[in-house]
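S.K.: sequence and predicted structure are below.
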Amino acid sequence: MKDEGANAPVYQAVLLPSGRRFSARGDRPLLLSAADAGFALASSCRNGTCRACLRPLHSGAVRYRIPWPGLLPEEKASGGWVLPCVAFPEGDVVLGD
Ligand code: FES
């Protein structure tokens, strides 16, 4: 969906193995949506470069608005890793806790 702002889609995110859940807006980085729900995920730079927030993406898809050097080409190609500080959900997602 391309609507953003007040009309941004809201998806469900699940953290495994804890099973913690939070709502994730399509126009907000996953890290911030998790923080909104009271889940402080590991992070540092918050701009996609340090990899402190790197975690597995078990299912779902994300998009990035910036070219970011923090994810290796093979990690990006596999689709199995995510940088939540700069990743916007494109649907429901399941992440490593
Ligand atoms: S916090 Fe540095 S890459 Fe996400």
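M.R.: The structure has been received and is ready for your questions.
S.K.: low-confidence stretches in this structure?
M.R.: Across the chain, the ranges flagged by pLDDT under 70 are 1-5.
S.K.: in it, which spans are strands?
M.R.: For the chain, strands defined by DSSP state E occupy the ranges 10-16, 20-25, 55-59, 62-64, 81-82, 87-89, 93-96.
S.K.: deepest-packed of those strands, please.
M.R.: Sort the strands of the chain by mean neighbour count, taking mean count of other Cβ atoms under 10 Å, and strand 87-89 sits at the top with a mean of 25. C-beta here means a position set from N, CA and C on the backbone, and glycine is covered the same way.
S.K.: give me the contact status of it with the ligand.
M.R.: No. Under the criterion of Cβ under 6 Å from any ligand atom, the ligand is not reached by strand 87-89; the shortest gap measures 8.7 Å.
S.K.: now tell me what touches that strand from outside.
M.R.: 11, 13, 24-31, 33, 60-65 (Cβ atoms under 8 Å, 6 or more residues apart in numbering).
S.K.: tell me how far it is from the chain's mean position?
M.R.: Here the centre of strand 87-89 is set off from its chain's centre by 5 Å, with Cα atoms, centre = their mean, to the nearest Å.
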